[in-house]
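>>> return a 3D structure for these sequence lines:
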Amino acid sequence: MGVYFFFWFFLLLGSFFIFLSVYFLTFNSLIIEIFLPCYFFGDFSLSFCADYVSMFFFSAVSLISSMVFVYSKYYMSMGKYNSMLDKRFLIILFLFVASMLFLVFSYSWFSVMLGWDGLGLISFLLVIYYNDPKSLESGLVTVFTNRIGDCLFLLSFSFMFFCGWFSFDYVSSHYFFWFFVFVTLGCMTKSAQMPFSSWLPAAMAAPTPVSSLVHSSTLVTAGVFLLIRFNYLLESVFFFLMVFSLLTMMLAGIFAVYELDFKKVVAMSTLSQLGFMIFSISLGNWLLGFLHVIFHAFFKSCLFLSTGNLMHFILGNQDSRLFGNFFMSFFSKLFFCMSCLSLMGFPFSLGFYSKDLILGSSMFFSGSLLVFCFCLSCCFTVSYSLRLLNLGFLKFSFFDSSFSFYESLIFFIPVSFLFFFNIFLGDFFMYFMIPIECFSFFEFFMGVFIIAGGFLLNYVLSKNYNFVFFFSTMLFLPSLVSSISLNGYNIVFFKDDITWNELLGAKGMDMLIISLKSLFNFFFSLKTFFLGIMLFMTVIFLFY
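So this is what the prediction gives:
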């Protein structure tokens, strides 16, 4: 089984489910329930749901996966990656996509856990695929952070088992408030919301085809998809979701403006867009959030694939200061430019149709300060999108342009397919699925005002690089997560050398004092940051 087998398999599967999803738009959903006997715990069931939400998402994942499989043949055979496209990579990538597709159709807690854990395990194998120390370090940060969400999901699974809720239909929102809190936190961890955002840039150590799948339609959107599934149950935690999604959007926008690693700038844009989707869900507009998930999947995958090609032109370098002079890469620049325009929500691009509706619906929310923060976060989105355009499309570089390569046909075919969806998918939804009355002149000019504000913000931030180190390190979140995880493992490694009697005695007291001293010094070094966060939260609760 080679690359072209997976290409045709997912292409035909996605095309079939596109027509099937249109059929399910006018009919009710289909639920398949399989009862499995268990000697110790009694009978339990595996439920799968086929409706237009799962069908559309399944189609998007399949079509994007088919293009990524073809692109991986081109990408992994270039430069230092020569001869690294083997069956192991293809099988792991196939299992990764299959786990996501299994999760999409799951309608019972047990089947959701199978797809959820499958994504976490296989994503770790993909991040460490290159087998170097940097990949291993990034893989450990990814798996440690995601395990927090997995543990919370297991706690919610135990609540489910205690109440006998094997299917989503049996779940009641009147019981177990903490059950829904654990589910929400688990989804936030998988979707890299603050303060669990450190793993997403670390996962960029994976090959670019993998990053294209992770950031567009698979791993990070798993949490958003489950929030869409649970939207009618999570109304009690909507304000909590709203605050943290806004915090993620704003901080990710600032990180993207100051980040020097070009690939991580694109990763920060994904982080910001995930906050945008969850903010829409927290407003109660889950359908608009789902629409943005679909649109984002297509233009972000096109952005990542064209980014990988631009990186090949400068011999695999990711330093943004080396980008520029792409004179012989007309199609790569065209695909990259259109994806950036969709990312900022430029009028009549793919991202415009969903972003404009979400922006207009937020104007009816009562919290004026939260709406202002949302608009400011959208300005940050425009700001880092303009920075991407400048780096990949307009910038002149002193790096020798003789390193540029001609564009290969095997690169052109998959990215042009995604570019086609980037152009026409928004019009399709506009004329066939979204009523024309949904768009008003107020919302249109509000979007134009956001873009103008983003231009101004980009100019102001480009003149101020005093905080470049602080924000490019994501407020030191990766180091904090790594140190906490490794310190937790030290307890296991040295349990035979240090007995419990020593830990409870003078030795343990000495270790506790040293740990508290280090923790106090760390928090004291960030006193200004925490003071700003406290002031921000206080103002939110006063004006809400």
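>>> isn't Ser123 right next to Ser211, touching?
No - using Cβ atoms under 8 Å as the test, Ser123 is too far from Ser211 to be in contact (10.9 Å). To be clear about C-beta, it is placed using only N, CA and C from the backbone, and glycine gets the same treatment.
>>> give the intersection of the neighbour lists for these two.
Shared contacts of Ser123 and Ser211, defined by Cβ atoms under 8 Å, 6 or more residues apart in numbering, comprise Ala203.
>>> how about Phe348, nearest residue that isn't a chain neighbour?
Sequence neighbours aside, Gly426 is the residue nearest to Phe348 in space, at 7.5 Å (criterion: Cβ to Cβ, 6 or more residues apart in numbering).
>>> taking the mean pLDDT, what do you get for stretch 420-434?
In this model, stretch 420-434 carries a mean pLDDT of 75.
>>> show me what the top helix by length along the chain is packed against.
What stands out as the longest helix in the chain, according to DSSP state H, is helix 133-163. Using 3 or more Cβ pairs under 8 Å, 6 or more residues apart in numbering; DSSP states H and E as the contact test, the elements touching helix 133-163 are helix 109-127, helix 177-190, helix 199-202, helix 477-493.
>>> flag every buried residue along that helix.
Counting neighbours by 16 or more other Cβ atoms under 10 Å, one finds that the buried residues in helix 133-163 are 135, 137-146, 148-150, 152-153, 155-157, 159-160.
>>> and His373, how many neighbours does it have?
No His there; residue 373 is Cys. By other Cβ atoms under 10 Å, 21 other residues sit near Cys373.
>>> what pLDDT, on average, does the longest helix of the chain get?
Here helix 133-163 scores 78 as its mean pLDDT.
>>> now the angle from that helix to helix 109-127?
180 degrees (axes from the mean of the first three to the mean of the last three Cα atoms, to 10 degrees).
>>> tell me what the helix or strand hosting the residue nearest to Phe348 is packed against?
Using DSSP states H and E, Gly426 sits in helix 409-432. Under the contact definition 3+ Cβ pairs under 8 Å, 6+ apart, helix 409-432 sits against helix 52-75, helix 286-313, helix 330-344, helix 350-362.
>>> go through that helix and flag the buried ones.
When burial is assessed from 16+ other Cβ under 10 Å, helix 409-432 yields the following buried residues: 411-412, 414-415, 417-419, 421-422, 425-426, 429-430.
>>> just want the angle from whichever helix or strand Leu386 is part of to helix 350-362.
Assigned by DSSP H and E, Leu386 falls within helix 368-389. Counting by the same axes, to 10 degrees, helix 368-389 lies at 170 degrees to helix 350-362.
>>> and helix 368-389, C-alpha only, in CSV?
Provided in CSV are the C-alpha atoms of helix 368-389 (Å, rounded to 0.1, in the frame of the first residue of the first chain):
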residue,chain,number,x,y,z
SER,A,368,-19.2,45.2,26.3
LEU,A,369,-15.7,44.7,27.7
LEU,A,370,-15.6,41.1,26.4
VAL,A,371,-16.8,42.3,23.0
PHE,A,372,-14.0,44.9,22.9
CYS,A,373,-11.4,42.3,23.8
PHE,A,374,-12.8,40.0,21.1
CYS,A,375,-12.5,42.8,18.5
LEU,A,376,-9.0,43.6,19.7
SER,A,377,-8.1,39.9,19.3
CYS,A,378,-9.4,40.0,15.7
CYS,A,379,-7.1,43.0,15.1
PHE,A,380,-4.2,40.9,16.3
THR,A,381,-5.3,38.2,13.8
VAL,A,382,-5.0,40.8,11.0
SER,A,383,-1.7,41.9,12.4
TYR,A,384,0.1,38.6,12.3
SER,A,385,-1.6,37.7,9.0
LEU,A,386,0.0,40.9,7.5
ARG,A,387,3.3,39.8,9.0
LEU,A,388,3.0,36.4,7.3
LEU,A,389,2.2,38.1,4.0
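>>> give the rounded mean pLDDT of that helix.
The pLDDT scores in helix 368-389 average 80.
>>> tell me the helices and strands packed up against that helix.
By 3+ Cβ pairs under 8 Å, 6+ apart, helix 368-389 packs against helix 238-258, helix 262-282, helix 330-344, helix 350-362, helix 441-462, helix 527-543.
>>> show me where pLDDT drops low in the stretch 351-500 of the chain?
Counting by pLDDT under 70, the stretch 351-500 of the chain contains low-confidence ranges at 365-367, 392-407, 431-448, 451, 453-500.
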